[in-house]
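Student: Could you look at this predicted model? Sequence included:
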Amino acid sequence: MLVLNCLGPMTLVADGVEQPLPASRKTRALLAFLALEPRRHRRERLCELLWDIPDDPRAALRWSLAKLRPLLDRPDRLLAGREDVGLDRIDLVVDVAQVRAALADGLDTVPAEHLEALFIATNQPFLAGSDLRAQPLFDGWIGAVRREMADAARLLGQALLARPLPVATHLAVLARMIEADPHDADLHARRIALLTASGDRAQAAQASSAAQRLVGEVDPAAAAGLATAARSALVTPPPRPPLATEASGVLARVIVQPLAAAGNPAIADPLAQMLQAGLADALARFGNLHVATAADAAGAPATTAHVVSGSLVQSGPRVRVRCRLTDPAGQILWSEDYTREGDDLLALEDELTAAIAAALESRIRFARANDAQERPPATANALFLRALAHMMSDGDFAAVERYLEQALALDPDHGLSGAYLPWAAVQTGKIVSPESAVRYAGIARHAIHSAPDDVMVQSVGGLFYLLLSHDFDGALAVIERALTRQPHYAFPWLARGWVRVHAGDSPGALADFDRAEALSVADPTDNGINAGRALACYQVGDLDAARAWVQRAMARSRTSLEAMRVGIAAAFEQGRLDDARAMALALLARNPGERASRARIMPFRHPGVSDRFFAAYTAAGIPD
């Protein structure tokens, strides 16, 4: 099979292997012309088209044909007779020809992902960098194809806008169409209406301002009409979609749509399908998301689901994936491009899936937590999300504890709330006796058993089960299960790092924290990573390193209680008693229930660590 892409950077793929293109622009132009004009051409005509020169143009044509022949998939692909030249079109795939065929057959029957891939392709220049101004016949041909592809791009865009696709897809299509025709008032009006309906009023206002300026350059009356319509639309905010009611412990419903694929169909199409399936599987492995593909979710209301969509462009060994996440209202929560190179499709799919899935999970979790603040907390899920919002923002663990207690009162088997409640109790100083430790250890253990497939429950619950029960081996077993289920997620590595710190394995803990940081995607676990590093260094006596990690943790968040605790101990042992006392006052201000006796019940296999903390707390003024 021979695949020739002429839209965007020209590429030639013979039997799955990308070929180096000739340096000569005329040779590349000859290949494109033969591929797109499906007949045999007289040599004189080709010479007039590309070599309108006095010195032996037929020799120049022969030289170009000789350069092309070894790049093709089979020797008889090039049909070169004494008087004419052509290309055998069997198993020949040309992107421009695919666009023409789709338009000829009717766009209503084209799948949405293929339609989007064609739209993306036609928005790239035809034969970029191959203009031959000194050859007027070729210049006229290339100009005609470019106009044809520009018209095709508009038709494809209109077909996409007519489909019931996510708002984010429609906005991306409109952005490209407006870039191609910035003076089209109808396109601007549609974009403003979509942004307003999705609730993104700031973006709608910016789009309105840009529309009035661009359209006003050619049609002041149309620009004035846009301004009036935009002011009217922005007066009343659109209604928010209802918050989805999910099963207990399920934070969100997610639909993973097919990725639009462009490139060699033999490579790009299966890779896009693998990536869609891989993303759906990876997101489902978190255990707290209800995940479906677009086919599975057919007929279900899209207004209650987050939607993952995107595109994949393959060129030789290089793959570029653009992925985006939209909320149930259609607002874009996140968009990112990923570029990878390699010949192993399975390895590429695995690497891309891991990176994208981790980013998606954190964005979905944060978005749901933020959205829950504006909704009545009527379910255990909603109460947990409110608690999560405080953990991510102001660190008000008293509020966190209150919401989690309420969630467990509604649903004692709510795994997420049961895993996080011991964390909140530790942070607020509720663990002051062996009896209280036993109670909260029981809550963590019940959460672990209630949600065996939830990676976050297993990670958080396992860590705090250890801290309260001193069962190092049991906690490690729980967290290892989470790592087996989701090895590309930062939080299980962070949890195992903390377990290893308490088990006395500082080098292993630091390695786990490094791995967590490499996988972390703008997640508040960053604070836990640096605080854990500080504790790992402190317990082996590296006080300077401990102090440095405390400073980094506090620079990111002044509310990191664990960092404050290590900072007090390190300052005391370095003889900086004033610093220790100042940090103790800050800790007590954040957590009035803090007591020096807390150090006595924290599990440390490393000899003397608890005693060192207790001495530092007492000297710094933490009450017993």
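Tutor: Arrived safely, thanks for sending.
Student: Could you pull up the mean pLDDT of stretch 416-426?
Tutor: In this model, stretch 416-426 has a mean pLDDT of 89.
Student: Number of residues surrounding Arg28?
Tutor: By other CB atoms under 10 Å, the residues close to Arg28 number 21. All C-beta atoms are positioned from the backbone trio N, CA, C, and that covers glycine.
Student: Surely it and Asp131 touch.
Tutor: No: in terms of CB atoms under 8 Å, Arg28 does not count as a neighbour of Asp131; the distance is 11.5 Å.
Student: Would you mind confirming that Arg590 makes contact with Met564?
Tutor: Yes: using CB under 8 Å, Arg590 and Met564 qualify as a contacting pair, with a distance of 7.4 Å.
Student: neighbour count winner among these two?
Tutor: Neighbour tally, Arg590 and Met564, criterion other CB under 10 Å: the higher count belongs to Met564, 23 against 18.
Student: The more buried one: helix or strand, and which one exactly?
Tutor: When secondary structure is defined by DSSP states H and E, Met564 falls within helix 561-573.
Student: Show residues contacting the helix or strand that that helix is followed by.
Tutor: Tracing the chain C-terminally past helix 561-573 and defining elements by DSSP H and E, one meets helix 577-590 next. Contact with helix 577-590 is made by 395, 558-559, 561, 564-565, 567-569, 571-572, 594, 616-617, 619-622, as judged by CB atoms under 8 Å, 6 or more residues apart in numbering.
Student: Same question for stretch 502-509.
Tutor: 466-467, 472, 476, 497-498, 500-501, 532, 536-537, 539-540, 602-606.
Student: Now, of these, which are buried?
Tutor: Neighbour-count burial (16 or more other CB atoms under 10 Å) is assigned, among the contacts of stretch 502-509, to 466-467, 472, 476, 497-498, 500-501, 532, 536-537, 539, 602-604, 606.
Student: least trustworthy helix or strand in the chain by mean pLDDT?
Tutor: Ranking every helix and strand in the chain by mean pLDDT, DSSP states H and E puts helix 220-235 at the bottom, with a mean of 63.
Student: following it, which helix or strand shows up next?
Tutor: Under the assignment DSSP H and E, the closest C-terminal helix or strand after helix 220-235 is strand 252-256.
Student: Give me the average confidence score over that following strand.
Tutor: Per-residue pLDDT values over strand 252-256 give a mean of 87.
Student: Which is the succeeding secondary structure element to it?
Tutor: In the C-terminal direction, the helix or strand that comes right after strand 252-256 (DSSP H and E) is strand 260-262.
Student: Does anything pack onto the next helix or strand along the chain from that next one? Which helices or strands?
Tutor: Beyond strand 260-262 on the C-terminal side, the first helix or strand identified by DSSP H and E is helix 265-284. The helices and strands touching helix 265-284, judged by 3 or more CB pairs under 8 Å, 6 or more residues apart in numbering; DSSP states H and E, are strand 252-256, strand 260-262, strand 289-293, strand 306-315, helix 345-372.
Student: from the chain's centre, how far out does helix 265-284 sit?
Tutor: Between the centre of helix 265-284 and the centre of its host chain there is 15 Å, according to CA atoms, centre = their mean, to the nearest Å.
Student: Stretch 563-571 too?
Tutor: 36 Å.
Student: and what of stretch 104-122?
Tutor: Its chain's C-alpha centre and that of stretch 104-122 lie 25 Å apart, by CA atoms, centre = their mean.
Student: which residues are contacting it?
Tutor: Stretch 104-122 is contacted from outside by 5, 7-8, 95, 98-99, 102, 149-150, 152-153, 155-157, 159-160, 163, 165, 169, 173, 176, 257-262, 272, 311, 313, using CB under 8 Å, 6+ apart.
Student: buried subset of those?
Tutor: For those, a burial check counting by 16+ other CB under 10 Å picks out 5, 7-8, 95, 98-99, 102, 149, 152-153, 155-157, 159-160, 165, 169, 173, 176, 257-262, 272, 311, 313.
Student: quick one, helices of the stretch 451-600 of the chain?
Tutor: Along the stretch 451-600 of the chain, the stretches classed as helices by DSSP state H, counting those that start in this stretch are 455-469, 472-485, 490-502, 506-519, 525-539, 543-556, 561-573, 577-590, 598-601.
Student: now these as TSV including distance to Ala222 and mean pLDDT?
Tutor: Rendered in TSV, the data for the helices of the stretch 451-600 of the chain read as follows (distance: least, CB to CB, whole Å; pLDDT from 0 to 100):
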stretch	distance to Ala222	mean pLDDT
helix 455-469	52	87
helix 472-485	56	88
helix 490-502	50	91
helix 506-519	50	90
helix 525-539	49	85
helix 543-556	49	88
helix 561-573	58	93
helix 577-590	57	90
helix 598-601	69	79
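Student: Figure out which of these is closest to Leu34.
Tutor: Leu34 lies closest, by CB to CB, to one member of these: helix 506-519, at 48.9 Å.
Student: doesn't Ala347 make contact with Pro317?
Tutor: No: taking CB under 8 Å as the definition, Pro317 is not a contact partner of Ala347, at 11.5 Å.
Student: between the two, who's got more neighbours?
Tutor: Under the neighbour definition other CB under 10 Å, Pro317 and Ala347 were set side by side, and Pro317 has more, 14 against 11.
Student: separation between that one and Ala222?
Tutor: Distance of Pro317 to Ala222, given as CB to CB, to the nearest Å: 47 Å.
Student: Start from the N-terminal end of the stretch 1-150 of the chain and give the helices.
Tutor: If you assign secondary structure with DSSP H, counting those that start in this stretch, the helices in the stretch 1-150 of the chain sit at 25-36, 43-50, 57-68, 95-105, 112-122, 136-161.
Student: now the fourth one and helix 136-161, what's the angle there?
Tutor: Same thing as helix 95-105. 50 degrees (axes from the mean of the first three to the mean of the last three CA atoms, to 10 degrees).
Student: quick one: average pLDDT of helix 95-105?
Tutor: Averaged over helix 95-105, pLDDT sits at 89.
Student: quick one: contacts for Asp454?
Tutor: Shown here is Asp454, whose contacts under the criterion CB under 8 Å, 6+ apart are Gly249, Phe286, Gly287, Asn288, Gly415, Leu416.
Student: Show me the two of those that sit farthest apart.
Tutor: Using CB to CB, those span at most 12.3 Å, a distance reached by Phe286 and Gly415.
Student: Tyr338 looks like it's in a helix, true?
Tutor: No: the assignment for Tyr338 by DSSP: H, G, I helix; E, B strand; the rest coil gives strand, which leaves it out of any helix.
Student: Tell me which residues touch Met149, please.
Tutor: With CB under 8 Å, 6+ apart, Met149 has these contacts: Leu7, Val96, Val99, Thr122, Phe126.
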